[in-house]
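Asker: Sequence and predicted structure below; questions after.
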Amino acid sequence: MLLGIVGLNAWIPRHIGEVVDSLAKGSAAGVGANAPLEALLQSLAWLVVAALLIYFMRAGWRLFLFRAVYKLGVQLRTQLYQRLCLQTPSFYQNQRTGDLMAAATNDIDAIEMAAGEGALAGFDGVCNLVVMTAALTLAVDYRITLAIFAPMPIMAFLFWKISNKIHFASRESLDSFGRMNDQVLETLQGVRTVRALGLLDREKEEFRKRAQRTADASLSAQNWEAAYEPSVGTCLTIASVLSLGVGTWLVWQNQLTVGQLTSVGLYLGQMIWPMFALGWVLSLMQRGAAAWERLQPLLKEPVTVVDDGQQTQLPTPHITFNQVSFAYPQQTPSALNNVQLELLTGKSLAIVGPTGSGKSTLLKLLLRQWQPTLGEISWGDQALSAYQLKALRSQIAWVAQEPFLFSASVASNIGLAAPTASREQIIAAAKMAAVHDDIERLPQGYDTPVGERGVTLSGGQKQRVAIARALLTNAPLLLLDDALSAVDTETESQILRSLAAEANQRTVIVISHRLSSVVKADQIVVLRHGNIVEQGNHEQLVNLQGWYARQWQFQQLQASLDAEP
């Protein structure tokens with residue numbers, strides 16, 4: 001369709017020139033002198049047909065091109081989203097969320113523009129320029145073609161300088177937008193803290209500065225883009241003067257007809273768009289290239305934990321930590337050192353210890369969010385790496401220290417991992433997590449929206465909703481990472497009784513700073529500085545008179561003092 005458009009655009013000036021020459025001679029082209037009006041009307045009719053064909057073909061090829069461009073945008077966003085979902089915490093420690101969001105929006109928009117408008121204008125402009133140049137050379141005179149292209153080296157040099165400036169300005173504009181995006185996200189997420197500390201004015205001023213820097217960077221890119229049009233206009237004006245001067249001289253020398261000179265003017269008009277298109281294309285391509293430079297590293301970022309396992313079926317949980325050591329990147333000392341543990345099916349394991357002793361790290365390794373530096377973790381008789389990540393994590397119900405709730409209803413958040421669960425099953429899980437009565441008191445009960453990240457619920461309610469979500473699943477391994485820290489002791493006891501009732505159905509690992517939560521555990525491990533320093537059940541550890549015994553006595557004394565009127 002594009003080639004058809006270019007061919008018709010090249011034919012129209014030549015046809016008009018032939019009509020002018022025929023009229024100048026007193027007869028229409030190809031028709032006898034007795035019917036000039038009929039021939040003229042026929043020539044005009046052909047021009048109308050050509051214009052209609054150009055219209056429909058131009059609309060058609062734009063539709064085809066942009067359909068492909070939008071598919072490209074969907075593909076890039078999908079690839080980026082999938083890559084982000086596979087990344088581990090180490091990736092997000094080195095990335096700003098605002099930049100990642102900007103990559104999925106502004107950067108891909110710029111790539112779409114380069115692939116769409118840029119490809120359209122570039123291909124259309126180049127084809128028109130080549131065909132018009134050939135038509136001028138073959139159908140008119142090569143000397144006029146040389147006159148038109150005489151100032152083009154100047155325009156090429158200006159384009160090169162301007163496009164380099166646009167590339168760096170566009171990169172700075174995209175980076176500034178990412179930084180501004182990041183501040184908006186952080187401020188909204190921590191709006192309560194910002195208000196409580198009286199930082200609203202400071203945050204507003206910081207945002208104003210970032211918004212101004214973003215605007216300045218964008219304006220700098222626009223300023224350089226604005227230089228394209230004068231450059232093209234100046235060069236085209238020089239080309240027009242030279243070509244019409246040469247053409248007039250050739251007419252004066254009877255080496256060119258008036259109709260051919262008319263065609264030269266029309267060809268010059270046809271070449272205005274290709275010249276401007278080149279400038280526009282360079283601008284779009286530089287913006288797209290700057291966006292691609294930011295996006296490509298994210299798409300190529302290697303996944304820290306490789307999902308190359310082949311096993312899709314997992315046996316009942318029998319977990320073994322075999323001399324496992326782990327150190328976070330660029331951190332010393334190690335978070336875990338030579339951990340040797342075994343958890344049998346249907347048993348419960350409690351992990352306690354001071355803050356920073358490696359308790360949560362142990363669970364992250366079990367979830368394969370990180371890979372052990374040394375040693376191996378086994379599930380049954382296979383290493384964790386032998387299982388597909390999807391299969392492994394489907395067998396684990398995990399409640400994190402800071403549970404995450406989505407902007408949906410309470411029922412939707414509880415049933416997140418079990419979308420086919422009935423309302424009765426959701427209510428039963430909520431009762432086990434001791435949150436049913438709290439939910440019933442909400443304005444719409446289980447249909448009450450919890451707001452972004454569960455902002456309408458208290459910390460204890462969010463924890464219990466997350467516990468209910470975990471209990472609703474059929475996962476045979478339950479991980480509770482200090483999941484009872486925000487609930488009172490009475491509610492804690494109620495939840496622990498519910499968990500004890502399921503003791504034979506699930507294997508449970510509990511992390512807690514409150515030792516009353518782990519008294520009934522089959523095995524208790526005390527971690528300090530990444531090392532197992534005590535191990536046994538509650539009675540055995542109390543008799544050891546070590547860290548666990550001292551902490552137990554302290555917490556018991558504190559509980560008795562709190563119980564006094």
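Answerer: In hand now; what should we look at?

Asker: Every contact and neighbour count from this point should use C-alpha atoms.
Answerer: OK.

Asker: if I pick residue 203, what's in contact with it?
Answerer: Going by C-alpha atoms under 8 Å, 6 or more residues apart in numbering, residue 203 touches residue 187.

Asker: May I have the secondary structure class of it?
Answerer: Here residue 203 is recorded as helix under DSSP: H, G, I helix; E, B strand; the rest coil.

Asker: Quick check: it vs residue 99, distance?
Answerer: 19 Å (C-alpha to C-alpha, to the nearest Å).

Asker: pLDDT below threshold where in the stretch 151-300 of the chain?
Answerer: 228-229, 279 (pLDDT under 70).

Asker: Would you mind listing the buried residues in stretch 370-382?
Answerer: Across stretch 370-382, burial judged by 16 or more other C-alpha atoms under 10 Å covers 370-372, 374-380, 382.

Asker: Next: stretch 422-434.
Answerer: So, applying 16+ other C-alpha under 10 Å, buried residues of stretch 422-434: 426-434.

Asker: so who does the residue positioned nearest the centre of the chain touch?
Answerer: Ranked by distance to the mean C-alpha position of the chain (C-alpha atoms, centre = their mean), the top residue is residue 104 at 3.3 Å. By C-alpha under 8 Å, 6+ apart, the contact set of residue 104 is 77, 80.

Asker: does it sit in a helix, a strand or a coil?
Answerer: Residue 104 - assigned by three-state DSSP - is helix.

Asker: Just put the buried residues of stretch 422-434 in JSON lines and tack on secondary structure.
Answerer: Converted to JSON lines, the buried residues of stretch 422-434 look like this (three-state DSSP):
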{"residue": "426", "secondary structure": "helix"}
{"residue": "427", "secondary structure": "helix"}
{"residue": "428", "secondary structure": "helix"}
{"residue": "429", "secondary structure": "helix"}
{"residue": "430", "secondary structure": "helix"}
{"residue": "431", "secondary structure": "helix"}
{"residue": "432", "secondary structure": "helix"}
{"residue": "433", "secondary structure": "coil"}
{"residue": "434", "secondary structure": "coil"}
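
Asker: So what touches stretch 420-431?
Answerer: For stretch 420-431, the surrounding residues in contact (C-alpha under 8 Å, 6+ apart) are 411, 414-415, 436-437, 464-465, 468-469, 471-472.

Asker: Out of those, which is nearest to residue 521?
Answerer: residue 471 (17.9 Å; C-alpha to C-alpha).

Asker: Enumerate every residue touching the closest one.
Answerer: Per C-alpha under 8 Å, 6+ apart, neighbours of residue 471: 397, 429, 432-433.

Asker: go again using 7 Å as the cut-off
Answerer: Contact analysis of residue 471 by C-alpha atoms under 7 Å, 6 or more residues apart in numbering lists residue 429.

Asker: what separates the longest helix anywhere in the chain from the chain centre, distance-wise?
Answerer: In the chain, with assignment by DSSP state H, the single longest helix is helix 36-86. Distance, stretch centre to chain centre, for helix 36-86: 29 Å (C-alpha atoms, centre = their mean, to the nearest Å).

Asker: what's the burial count for residue 468?
Answerer: 27 (other C-alpha atoms under 10 Å).

Asker: if I pick it, what's in contact with it?
Answerer: 414, 429-430, 432-433.

Asker: and with 10 Å instead?
Answerer: Each residue near residue 468 by C-alpha atoms under 10 Å, 6 or more residues apart in numbering is listed here: 399, 413-415, 426-436, 462, 495.

Asker: What of residue 481?
Answerer: Contacts here follow C-alpha under 10 Å, 6+ apart; on that basis residue 481 touches 351, 359-360, 363, 398-403, 509-513.

Asker: per-residue confidence at it?
Answerer: pLDDT, residue 481: 86.

Asker: Specify the beta-bridge partners of it.
Answerer: In this entry, residue 481 is beta-bridged to residue 511, by DSSP bridges.

Asker: how far away is it from residue 395?
Answerer: 17 Å.

Asker: Over to residue 311?
Answerer: Taking C-alpha to C-alpha as the measure, residue 311 falls 13 Å from residue 395.

Asker: what are the ranges of the strands in this structure?
Answerer: 319-326, 336-343, 348-352, 374-379, 382-383, 396-399, 477-481, 507-511, 523-528, 531-536 (DSSP state E).

Asker: I'd like these laid out as a markdown table, including distance to residue 2.
Answerer: Listed next are the strands of the chain as a markdown table, based on distance: least, C-alpha to C-alpha, whole Å:
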| stretch | distance to residue 2 |
| --- | --- |
| strand 319-326 | 60 |
| strand 336-343 | 65 |
| strand 348-352 | 69 |
| strand 374-379 | 61 |
| strand 382-383 | 58 |
| strand 396-399 | 57 |
| strand 477-481 | 61 |
| strand 507-511 | 66 |
| strand 523-528 | 71 |
| strand 531-536 | 71 |
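
Asker: Out of those, which gets nearest to residue 6?
Answerer: Judging the strands of the chain by C-alpha to C-alpha, what sits closest to residue 6 is strand 396-399, at 62.3 Å.

Asker: Direction included, what does the closest one pair against?
Answerer: Strands that pair with strand 396-399, judged by DSSP bridges, come out as strand 477-481 (parallel).

Asker: and residue 543, how many neighbours?
Answerer: When neighbours are defined as other C-alpha under 10 Å, residue 543 has 10 of them.

Asker: Show the contacting residues for it.
Answerer: Per C-alpha under 10 Å, 6+ apart, neighbours of residue 543: residue 549.

Asker: now do 7 Å
Answerer: Taking C-alpha under 7 Å, 6+ apart as the test, residue 543 contacts no residue whatsoever.

Asker: on that earlier part again, between residue 311 and residue 395, who's got more neighbours?
Answerer: Using other C-alpha under 10 Å as the criterion, residue 311 and residue 395 rank with residue 395 on top: 19 against 15.

Asker: residues touching the nearest residue to the more buried one once chain neighbours are set aside, list them.
Answerer: Spatially, and ignoring its direct neighbours in sequence, residue 395 is nearest to residue 475 (4.5 Å; C-alpha to C-alpha, 6 or more residues apart in numbering). Neighbouring residues of residue 475 by C-alpha under 7 Å, 6+ apart: 394-397.

Asker: Over to residue 435?
Answerer: Residue 435 sits next to 461, 464-465 when contact means C-alpha under 7 Å, 6+ apart.

Asker: Report the buried members of the contacts of residue 481.
Answerer: Using 16+ other C-alpha under 10 Å as the burial test, the contacts of residue 481 include 351, 359-360, 363, 398-401, 403, 509-513 as buried.

Asker: Check those residues against residue 45 and report the nearest one.
Answerer: Proximity of the buried ones among the contacts of residue 481 to residue 45 was ranked by C-alpha to C-alpha; the top entry is residue 403 with 72.9 Å.

Asker: Tell me which residues touch the closest one, please.
Answerer: Residue 403 makes contact with 462-463, 466 under the criterion C-alpha under 7 Å, 6+ apart.

Asker: Having no further points to raise, I will conclude here.
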